[in-house]
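Engineer: build the 3D model from these lines:
(one chain, ligands or ions: 1)
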Amino acid sequence: MGMLVDGVWHDVWYDTKSTAGRFERSKAQFRNWVTADGAAGPTGKGGLKAEAGRYHLYVSLACPWAHRTLIFRKLKGLEDLISLSIVDPLMLENGWEFHDRDGATLDHLFGSDFLYQIYLKADPAYSGRVTVPVLWDKQTGTIVSNESADIIRMFNTAFNGLTGSDSDYCPADLRAEIDVLNDRIYDAVNNGVYKAGFATTQAAYEGAVTPLFAMLDELEERLSTGRYLFGERLTEADWRLFTTLVRFDPVYVGHFKCNIRRIADYPNLSAYVRDLYQTPGVAETVDIRHIKHHYYRSHKTINPTGIVPVGPALDLDRPHGREALSETELTTRRRA
Ligand SMILES: N[C@@H](CCC(=O)N[C@@H](CS)C(=O)NCC(=O)O)C(=O)O
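Structural biologist: Modelled structure (predicted):
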C-alpha cells in the first residue's frame, strides 16, 4: 500500500492520525468523460468520443468500485469494444501489481509492473493514491477517469450507438432519486465498511458501524415490497449496492468487523444479492478468491498473519424467489 507524491512512489499506509482515527477517502483526480459524440460530460471536462477499441479498463476483481465498471462493461455489451487488464489481488509495498496468474493479467497495454506507472504516464508529477478502476484512452495516452461512479455512467449511455444496447440503468425520470439514494448508500454502506475497517480508534469504528447497520436495516425493509431498490426497475443503484453486499459476509463481517449482523441474517437482502448475482453475465464478474485474498493478505495492519479464512460457505446460486415480487408489483399497478 502506498501513494505517489510529486511523481515518486512512497510505501505508506492510510494516515488516520490527523482525523481522530477516521478513514477519509480522497477524491478521484481524473474526471474526463467519454460521450457518444465527444462533447464535454457532466464534469465539464473530457469530451472524448466513444469509439470501439479506443479505451482500456484497468480493474481489480477484488475491488468493489472496480467491480461496478466490470458489471457495466458486461451488461452493456462492451467487452469487445473496451479491452481489459486485471491487477493481482495482492496489494503490498508497490501497490497494485500486474502478474499473469490465477485470473490476474499482465498490463496488456504497456507491460508495466505496477499500476502507479500508468498514473505516471498520465501525469509524471501525480500526487495521490493509485486506485482502480482506471479508464485509459489509447488515443490521447492519458487517464480518462479513475472514478467508478463516473465510468459506469459513461458506460451506461456513451457507447449505445456502437453496441445497439438500449438498457438504461439510470433513466432520466429516476436520476434525481437514484442520486440521492446513491449518496446515502455510499456514505453508510459502500464507504461505511471501509470507514469501520480502517478506523484506528474505537469511536471512529463505532461511528461507522452503527449507521452502516441502520442503513442495512432500512434497505432490508425497502426490499420487502420491491424486487429492486426502485421497484421492478433494475438500476445503477442496485449494482452499486451489490458489489458491497457480495463482499460483506466473506470479508467485511470478519476483516472489517462489520459484524452486528451478516447479510445471511437479512432474508430480503440475501435473496436480493442472489437475484443480482444470477442476472445473466454477472456471476462471471464475481471472483470470491480474489476478493478474500486481497483483503486478508494485503492489509497487514489489520490481519498481520495474512491468513485467509476458509468460510463462510456461500450459496449464491440458490433460488432467490424474488420474481414473485415483480409479479405482485405489476398486478398492483395494473389494478391501480
Ligand atoms: N473513488 C474511487 C475509489 C477507488 C478505490 O479506492 N479503489 C481501491 C481498491 S478497492 C484502491 O485502489 N485502493 C488503493 C489505495 O487506496 O491506495 C472509485 O470509486 O473509483
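Engineer: all contacts plus neighbour counts: C-alpha atoms, from now on.
Structural biologist: Fine.
Engineer: what about the strands in the chain?
Structural biologist: Here the chain has its strands, by DSSP state E, at 3-5, 8-10, 34-35, 48-49, 55-59, 83-86, 91-92, 95-96, 128-129, 134-137, 142-145.
Engineer: out of the ones you listed, the one nearest the ligand is which?
Structural biologist: strand 128-129 (4.9 Å; C-alpha to the nearest ligand atom).
Engineer: returning to what we had before: can you lay out the strands of the chain as CSV showing mean pLDDT, mean neighbour count and distance to the ligand?
Structural biologist: Converted to CSV, these look like this (pLDDT from 0 to 100; neighbours: other C-alpha atoms under 10 Å; distance: least, C-alpha to the nearest ligand atom, whole Å):
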stretch, mean pLDDT, mean neighbour count, distance to the ligand
strand 3-5, 94, 19, 6
strand 8-10, 95, 16, 11
strand 34-35, 96, 26, 16
strand 48-49, 96, 20, 19
strand 55-59, 98, 23, 9
strand 83-86, 98, 20, 12
strand 91-92, 95, 18, 8
strand 95-96, 98, 24, 7
strand 128-129, 95, 20, 5
strand 134-137, 98, 24, 8
strand 142-145, 97, 23, 8
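Engineer: could I get those as TSV with distance to A188?
Structural biologist: As requested, the strands of the chain are arranged in TSV below (distance: least, C-alpha to C-alpha, whole Å):
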stretch	distance to A188
strand 3-5	26
strand 8-10	30
strand 34-35	29
strand 48-49	33
strand 55-59	24
strand 83-86	28
strand 91-92	25
strand 95-96	26
strand 128-129	22
strand 134-137	24
strand 142-145	24
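Engineer: nearest to L269, of these?
Structural biologist: strand 55-59 (26.2 Å; C-alpha to C-alpha).
Engineer: the closest one - contacts with which helices or strands?
Structural biologist: The contact analysis (3 or more C-alpha pairs under 8 Å, 6 or more residues apart in numbering; DSSP states H and E) places strand 55-59 against helix 64-75, strand 83-86, strand 134-137.
Engineer: change it to 7 Å
Structural biologist: strand 83-86, strand 134-137 (3 or more C-alpha pairs under 7 Å, 6 or more residues apart in numbering; DSSP states H and E).
Engineer: closest one to A36 among the ones you listed?
Structural biologist: strand 134-137 (14.7 Å).
Engineer: what's next to stretch 283-290, contact-wise?
Structural biologist: With C-alpha atoms under 7 Å, 6 or more residues apart in numbering as the test, stretch 283-290 has contacts from 61-62, 70-71, 89, 277.
Engineer: how much space between G77 and S165?
Structural biologist: 7 Å (C-alpha to C-alpha, to the nearest Å).
Engineer: higher neighbour count, the two?
Structural biologist: G77 (18 against 15; other C-alpha atoms under 10 Å).
Engineer: mind listing what the more buried one touches?
Structural biologist: Neighbour list for G77: T163 [criterion: C-alpha under 7 Å, 6+ apart].
Engineer: before we move on, the earlier item: and the helices and strands packed on strand 55-59: which comes nearest L245?
Structural biologist: So among the helices and strands packed on strand 55-59, strand 83-86 is nearest, using C-alpha to C-alpha, at 21.5 Å.
Engineer: please put the alpha-carbon coordinates of that closest one into PDB.
Structural biologist: Only the C-alpha atoms of strand 83-86 are listed here, as PDB (Å, rounded to 0.1, in the frame of the first residue of the first chain):
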ATOM      1  CA  SER A  83     -10.100  -4.000 -23.500                       C
ATOM      2  CA  LEU A  84      -9.200  -5.100 -20.000                       C
ATOM      3  CA  SER A  85      -6.300  -5.700 -17.700                       C
ATOM      4  CA  ILE A  86      -6.700  -7.200 -14.200                       C
END
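Engineer: in its sheet, what does it sit against?
Structural biologist: For strand 83-86, the paired strands and their directions (DSSP bridges) read strand 55-59 (parallel).
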